[in-house]
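**Student:** I would like the atomic coordinates for the input below:
(5 chains)
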Amino acid sequence: MAVLEAAPSVATRTTGSHMTHRVREILSWYESDNPGTKTNLSRLLNHGRLAGTGKLVILPVDQGFEHGPARSFAVNPAGYDPNYHFEAAIQAGCNAYAAPLGFIESAAARHAGEIPLILKINNHDVLHDEKDPMPAVTASVKDALRLGCVAIGFTIYPGSAHAQTMYSQLRAAAEEAKQNGLAVVVWSYPRGSSLSKEGETAIDVAAYAAQIAAPPGAHVIKVKLPSAHIEQPEAQKAYTKAAVPIGTLGERVRHVVQSSFDGRRIVIFSGGAKKDKDEDVFDEARAIRDGGGFGSIIGRNSFQRPKEHALKFLESIMKIYSGEMK
Amino acid sequence: MAVLEAAPSVATRTTGSHMTHRVREILSWYESDNPGTKTNLSRLLNHGRLAGTGKLVILPVDQGFEHGPARSFAVNPAGYDPNYHFEAAIQAGCNAYAAPLGFIESAAARHAGEIPLILKINNHDVLHDEKDPMPAVTASVKDALRLGCVAIGFTIYPGSAHAQTMYSQLRAAAEEAKQNGLAVVVWSYPRGSSLSKEGETAIDVAAYAAQIAAPPGAHVIKVKLPSAHIEQPEAQKAYTKAAVPIGTLGERVRHVVQSSFDGRRIVIFSGGAKKDKDEDVFDEARAIRDGGGFGSIIGRNSFQRPKEHALKFLESIMKIYSGEMK
Amino acid sequence: MAVLEAAPSVATRTTGSHMTHRVREILSWYESDNPGTKTNLSRLLNHGRLAGTGKLVILPVDQGFEHGPARSFAVNPAGYDPNYHFEAAIQAGCNAYAAPLGFIESAAARHAGEIPLILKINNHDVLHDEKDPMPAVTASVKDALRLGCVAIGFTIYPGSAHAQTMYSQLRAAAEEAKQNGLAVVVWSYPRGSSLSKEGETAIDVAAYAAQIAAPPGAHVIKVKLPSAHIEQPEAQKAYTKAAVPIGTLGERVRHVVQSSFDGRRIVIFSGGAKKDKDEDVFDEARAIRDGGGFGSIIGRNSFQRPKEHALKFLESIMKIYSGEMK
Amino acid sequence: MAVLEAAPSVATRTTGSHMTHRVREILSWYESDNPGTKTNLSRLLNHGRLAGTGKLVILPVDQGFEHGPARSFAVNPAGYDPNYHFEAAIQAGCNAYAAPLGFIESAAARHAGEIPLILKINNHDVLHDEKDPMPAVTASVKDALRLGCVAIGFTIYPGSAHAQTMYSQLRAAAEEAKQNGLAVVVWSYPRGSSLSKEGETAIDVAAYAAQIAAPPGAHVIKVKLPSAHIEQPEAQKAYTKAAVPIGTLGERVRHVVQSSFDGRRIVIFSGGAKKDKDEDVFDEARAIRDGGGFGSIIGRNSFQRPKEHALKFLESIMKIYSGEMK
Amino acid sequence: MAVLEAAPSVATRTTGSHMTHRVREILSWYESDNPGTKTNLSRLLNHGRLAGTGKLVILPVDQGFEHGPARSFAVNPAGYDPNYHFEAAIQAGCNAYAAPLGFIESAAARHAGEIPLILKINNHDVLHDEKDPMPAVTASVKDALRLGCVAIGFTIYPGSAHAQTMYSQLRAAAEEAKQNGLAVVVWSYPRGSSLSKEGETAIDVAAYAAQIAAPPGAHVIKVKLPSAHIEQPEAQKAYTKAAVPIGTLGERVRHVVQSSFDGRRIVIFSGGAKKDKDEDVFDEARAIRDGGGFGSIIGRNSFQRPKEHALKFLESIMKIYSGEMK
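**Tutor:** So this is what the prediction gives:
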């Protein structure tokens, strides 16, 4: 698997350039993209504390829209101000900050050029409860360009009755983004009436969700950390027959990465709900690292605590990815 | 919270300009917008009796379409004539007049340049009763431009099964409006099959509605005054855990303003149905003012009484906002 | 009410022009429209026997599509030929002839310039029975332009579950029509699953239907003559409280006209099904005239009788409107 | 009725031109069309054995898509090859050949200029059974132009719950066709959940179907031969009251033609399923001729027999129309 | 039947050109296409081991999206890497490689010019279970052009309640592809609530599916190998009456090819699920060859085994088609 064989945790610079061999290698997987898109992918990979390592830690803040403001920010009210998250992401040395249109608009000018931005162009709220979710498109590729972003972000819900519509919307947005030299980050979250609650994070479903994001054009794929549960009977047979190792979290990460063009797409994992113990999150980061994952996208575990704690917390995670911490 | 720390009720002019420090501050929150949109926002803030204070009182007249003509105007038949409302808004010194296309068209030429106009580009009527409302688009951004308006107005119903469609329509209209230097005012009114009647004005739902309006691009957000009820069980936990103060109307206003990018978006509140006692409306205005709200949008309480009474009534409200009246 | 105060039945010409004071006054209500649209409105008002009076009698023939050919024309088979209706409208001195695309196309060249034409651009048939009707768009604004029409005609069904779609279609067609200097005539016919049969012509519903047509951009509004029934409980309260006079047909016409921007939109009334006694139709015309209505649109009562009878019949109605007949 | 008074079976040429008086007369009914469309209509009328008579026999082959290949062609397997039908239509001296995109594409180059072509741009298959049919658009006006066709063909199903969509699609296609100088042929076939099986060919429904096709812009209307059954109670009254003669097939044809703008639109009739006895088809052709119909569109009765038989069969029908055969 | 009479298994070159008589003959069937499309069709026919024979073996890899990654690739994990399939198709001497957007993008630059590519522009996954499937459009004609593909691939599901939508999408994509000189390959797979499981591969349904693909513009049609079952009662009559021979697989292939414009469209057959015995697949290839089919599209039977085995396996199949092997 390409990513696993070539994943040194130390970033070696190539001669006469700030570009490391690892980043060059990753860029080589996107051989059909234009130089504009490759440039923006390299900006994601070459920013912050993990610059050049091929690993990423991204701060996403769309929970205000997705879950509501109090559920997201009441515990640390500084987070009501979008500017707070820009600053946190910059100070923590994240690779990028991802947020919906209004959040980006409200502080993008003052922080122009300080951190790569990912404009989340669709969003879903929970005021209307639905078994088969369908997000609303809330921003455009043109918005991403005028705001100086390096990428658009798009959520799909494989398993929803509306999934085909989302895939088609993603395709159209990805085509326009690529034509304009932007990168495409896809949040692939299985949900819908055909899946059990347990099935949403089943290993077969998570691997399938990663696989599905790639064909319509994702450069970076974001999935949830998978459990060892297998949801689909047909898939169960394949896992058993081939004895796919999925017993440990690291093995499951490895399988998801493998399912993304054998590791030739950047796959990162979400941190999920706020954890009580930081060490649990660190263990997850270790499993991601050891399984060949490319990093984490950590929202609630970052901003639902005081900033100084958050910065330390993120520093530890980055050290796990850089290899400075076991 | 930005708005609360910097909200002097007296408008201080900056040197050599009619622009106050407060208006400059408010404009600074829209740092990603082009000068055209900032100019139109400043027109809203610098017109009428409250010019320069950062507070707004807007006269909206869309009830003829939304509720029917007799229910809206029979009590004060002068209101059947759109011209009446233009004149009332101008004479009262409102910041702006908001209405659907036909209403604006019927008197915009004669009053050209006399008052900032907000073209309400979608509308909903009650002749067909539906649990999950979906408004019709009844005007365009081009209409707003040819009629000399400073902004478009758009209603969304968070909680409706059709909410995602409204958000996407809002996004598209907002993008076109901003490209053309217009501002965007969003009426965010929770309604739909997932919400109880009480839930439509619950504090968690109102704060969520304000939050939702911001990402697709609202400059000004209009919500209903919230009750202390909490609708969503998940939200209840967050309010309890963080002990968010929501006991008084002023506290609830403060929380809604906070939920709008920590006060970095203009949030105004609707007056609702005609009140029997003016003092009740004045109390509400005091709560809005003391909670850091930016003003009121007052329709039925204005035009469902004789004009001379309405002018006095609006004068009182403006004095509450300017601090001339306690 | 503007229309009532200024409605002399005698048409006074202004100096050095064929334009009467009344027509100038009516045109002044459309102050936001471009000169092209005003020109076409004046053509409607300045043609035929009622030219210059501010009153209109229009011949509409869409019943072939709406009800079927035999139900429409078997009783007077000359009406199968579209040319017949052109000739009847011209000979009777109607202000305009309104029909769907094919009807206009089949005789527009030969009668070019002889009578103002209104192209009915949507239509509904009854071969599929539906509680919530939705018409089909059957012609375009470009068709109206190439055929020399002065206006487009568009039907909406307030109360239908599909009403929002019709309003949006109307808005788009009206915008294009106005940009091209055409006028917009709206047939506003309440129908749908939320309304009782009696409610379709209830006074509150008829007034609401007239009100709804104005915001998306109607210049001329066509409704059915209303009964004294009130359909909506909420509206009942408003009528009772304000003691709106609706006892006679003339009063109800007056209320509907008032509900159309206080008479600042041209409101005309449909004749409905073929009446047994002409005197009943004449009485209706008197009520429309005395209530401040602008005229009639009379289809079946015109073409479902021999032409010479029809011409006499229409002459009588026009004399009622012009004041030559009591 | 225009068509009946002026329908000499002998084609008289006008001086110095191959154009007959009858064709000139028919073209005069399309007075609003541009010379391009009139030219293409004249090509339809001036080709083949019936050239100049004002009568048409058209060969349509869309049954492969509509009913399946074996049901259409197994009985005469030569018909699997699209080229076969081109040749049959040319050799028989038909006025035109009508077929879907692939059928036309597969032999249009080799037969360029040999016979007028009608591109059938929508189609329906029976693999999915539905009470309210909705065809798929399978070709475009641009396809018709690049393939040298004289007209587009379009099917509508009045009575289907989706009829409004079809009418709107027809309108859009017809507008584009006319702008490009093409003619428009409409297959108007009543079907759907509101109609009984018997009602699909009822005389009131057939006449209504012909009437409906005209307003959105049909130049040529194709309907099924009607029975004496009356489907709609409201229509029954009109037929009885006016004593419309519908007892014989000829009378019913006359009524359908009358319902198409009093015979000012070309109306042709379909042959339906393969008949056992040719004489039955000939009798139908006689009824069409004597009732003032303009001809036949004959598919299965032509190609579901050996070609030499088909040519003789079609020759007989054409002789009936030309008057050479009683 | 054109294809059967002229199908020599030896490829004869025409003088002074690498073009064989057979390929020239096949290209002649696409007489309405522009030279660009003919050039790309010739590239399909003139590449690989079967170049010039008029036969094709294509490697398709969309199972990762359609069935999930583990079910597709776990048995031979090298297949997780898209590059693997490019190389396999090239080394095996296939005529073309067909895959979704991401798969093509990930290795198209490195293999530019090495093998004709077919971009599969719609796809369907099984995470949401539905009786009437509807694929998502996941790529565009513009993508196919920028990636150097010779054709687009498109799946339709005749028998699905959404089939009309797919046909219309296919039509639009095919029109754009042809305008740009690309060829169109259609996967026509009957599925949906109207069909029994057995009916999906019934001979009448398979022949109908092939027929349906041609009118909207397919150059190459891909269907499943049919059984002797007949699904539709109406079709049963036609098969019985005409005594269509469908007893052997070869006869059924012949009937399907006949149903595709009498063999004047390239029809290839899918291999289906991985077979236990290679000899079964070879027998199928023999039946395809002897029945006049144009070849196979073989996915799972190729990549679900080690590459060296796959190459030998594909070599055998190609030898069957070229006639080198009985």
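**Student:** Tell me which stretches of the stretch 151-300 of chain A form helices.
**Tutor:** Taking DSSP state H, counting those that start in this stretch, the helices of the stretch 151-300 of chain A run over residues A:163-179, A:203-213, A:233-242, A:249-258, A:278-290, A:300-303.
**Student:** Need the winner for burial among those.
**Tutor:** helix A:203-213 (a mean of 29; mean count of other CB atoms under 10 Å in any protein chain shown). To be clear about C-beta, it is placed using only N, CA and C from the backbone, and glycine gets the same treatment.
**Student:** Now do it: which elements does it pack against?
**Tutor:** If you count contacts as 3 or more CB pairs under 8 Å, 6 or more residues apart in numbering or on different chains; DSSP states H and E, helix A:203-213 packs onto strand A:183-188, strand A:220-224, helix A:233-242, helix A:249-258, helix E:63-67, helix E:69-73.
**Student:** can you list contacts of the second one?
**Tutor:** Contacts of strand A:220-224 with the rest of the structure, by CB atoms under 8 Å, 6 or more residues apart in numbering or on different chains, involve A:44, A:56, A:151, A:183-189, A:200-201, A:206, A:209-210, A:213-214, A:256, A:260, A:265-270, A:272, A:294, A:297.
**Student:** Now the buried members of those.
**Tutor:** Listed as buried from the contacts of strand A:220-224 are A:44, A:56, A:151, A:183-189, A:200-201, A:206, A:209-210, A:213-214, A:256, A:260, A:265-270, A:294, A:297; burial here means 16 or more other CB atoms under 10 Å in any protein chain shown.
**Student:** remind me which residues of the stretch 201-326 of chain A are low pLDDT?
**Tutor:** Within the stretch 201-326 of chain A, no stretch has pLDDT under 70.
**Student:** Can you pull the residues of it lying near chain C?
**Tutor:** Proximity of the stretch 201-326 of chain A to chain C, by CB under 8 Å from any CB of the partner chain, involves no residues.
**Student:** Can you report how many residues lie near the residue in the stretch 201-326 of chain A that chain D sits nearest to?
**Tutor:** Using CB to the nearest CB, the closest approach of the stretch 201-326 of chain A to chain D is made by A:Pro216 at 24.4 Å. Neighbourhood size, A:Pro216 [other CB atoms under 10 Å in any protein chain shown]: 29.
**Student:** picking up where we left off before, D:Lys312: which of the helices of the stretch 151-300 of chain A is closest?
**Tutor:** Across these, D:Lys312 has its closest neighbour in helix A:163-179 (52.8 Å, CB to CB).
**Student:** quick check, that closest one touching chain E?
**Tutor:** Yes: if you take CB under 8 Å from any CB as the test, helix A:163-179 does meet chain E, through A:163-168, A:171, A:175.
**Student:** Now tabulate these in TSV and tack on distance to chain C and pLDDT.
**Tutor:** Converted to TSV, these look like this (distance: CB to the nearest CB, whole Å; pLDDT from 0 to 100):
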residue	distance to chain C	pLDDT
A:Ala163	26	96
A:Gln164	23	95
A:Thr165	19	96
A:Met166	24	97
A:Tyr167	26	97
A:Ser168	22	96
A:Arg171	27	97
A:Glu175	27	97
